[in-house]
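Asker: The amino acid sequence is not available; the structure is as follows:
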């Protein structure tokens, strides 16, 4: 798939922007805090209707403006789709080919992207939250239903935790109210875990192959979904039934803690090289190579699932990689993957710029072609 064009209005530091994008490589060059990442963030909004860094949607509206808008034309399966997203102080409105969509699930998925940023190099080394975010971002754009289940789960979880914080009032009525939220938590949580299990099993195959190529066959990478529900050997019957049992058995402890101790919000991916946990025992180089393998595997998995390669967004990540890892990343792009790169310097990109890249200079919310 190809993102042919991008238009912004009052998005972050852009009052107005209209770009034509190369079907191969587009490079945005500029110093920090000039707006390079904002461009990639806007593309992610077209894919997921969600930012990878904004806590609130209103943060993306340019100071003094009433709303922000992001529009783009996507070529997919030999058809063109116009995508429009309007960000209001309270909420968003979306359209596909000029028709307003009431449900975000009818908008998400027309554009698939893989974002690779410096913080993704902490994917292996960092906290479990980073790996859950990795799962949720990719599953969300391949399965809008997953994104819906995740949003519902998070709402229910917040309600349940609000009750648990009221621990001094643990009476029959409060416990009865808790059981109502438990049923909803089980319903959405079991669906989330099943999807994550399927995803990790699939991406494991792609990432293991990529990792072997990068390490010339010296290392074997394995990924395993770690769920507090599935670790118990007594887990028999349906996942939903066991989840329900665990919530009930941990109820007193949860009231003492003031939070829910079991569920997909507590889960993780264990990353191993040669059967050793990379998070604990891996070198920094091994951790970075494993993270790179997992991100490149996203590209192949999306192609496998949707039939076309996604758009690859590289946000100032090349400077964080050594020459060997840069080479594998750039080779993976090939001629197949439309790639947008932000960078503060063009060192190492000269050949790419001469052969097939469109280059833009970014300065203070203004972009000019070089």
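Answerer: Noted; the coordinates are in hand. Note that this is a predicted model, so its numbers are computed, not measured. Residues are numbered from 1 along each chain as shown.

Asker: What number of residues are in the vicinity of residue 101?
Answerer: 15 (other CB atoms under 10 Å). Quick note: C-beta positions are derived from backbone N, CA and C, even for glycine.

Asker: Would you agree it is in contact with residue 107?
Answerer: Yes - using CB atoms under 8 Å, residue 101 is in contact with residue 107, at 4.8 Å.

Asker: Find residues that contact each of these two.
Answerer: 94-95 (CB atoms under 8 Å, 6 or more residues apart in numbering).

Asker: Spell out the residue ranges of the strands in the stretch 1-150 of the chain.
Answerer: Under the criterion DSSP state E, counting those that start in this stretch, strands of the stretch 1-150 of the chain are mapped to 2-11, 14-20, 25-29, 68-76, 79-88, 91-96, 99-101, 113-116.

Asker: Show me the strands paired with the second one, marking each as parallel or antiparallel.
Answerer: So the one you mean is strand 14-20. Sheet partners assigned to strand 14-20 using DSSP bridges are listed as strand 2-11 (antiparallel).

Asker: could you check the angle strand 25-29 makes with the partner strand?
Answerer: Put simply, strand 2-11 runs at 30 degrees to strand 25-29, going by axes from the mean of the first three to the mean of the last three CA atoms, to 10 degrees.

Asker: just checking, what packs against the longest helix along the chain?
Answerer: In terms of residue count, the longest helix belonging to the chain (DSSP state H) is helix 172-214. Judged by 3 or more CB pairs under 8 Å, 6 or more residues apart in numbering; DSSP states H and E, the packing partners of helix 172-214 are helix 128-142, helix 144-164, strand 221-226, helix 239-249, helix 284-306, helix 323-333.

Asker: let's see it at 6 Å
Answerer: helix 128-142, helix 144-164, strand 221-226, helix 239-249, helix 284-306 (3 or more CB pairs under 6 Å, 6 or more residues apart in numbering; DSSP states H and E).

Asker: quick check: angle from that helix to helix 284-306?
Answerer: 100 degrees.

Asker: tell me the angle helix 172-214 makes with helix 128-142.
Answerer: Using the same axes, to 10 degrees, helix 172-214 lies at 80 degrees relative to helix 128-142.

Asker: how far does helix 172-214 sit from the chain's center?
Answerer: 15 Å (CA atoms, centre = their mean, to the nearest Å).

Asker: Quick one: mean pLDDT over it.
Answerer: Helix 172-214 shows a mean pLDDT of 90.

Asker: do the same with stretch 291-302
Answerer: 92.

Asker: Next: stretch 149-156.
Answerer: 95.

Asker: now do stretch 328-343
Answerer: 83.
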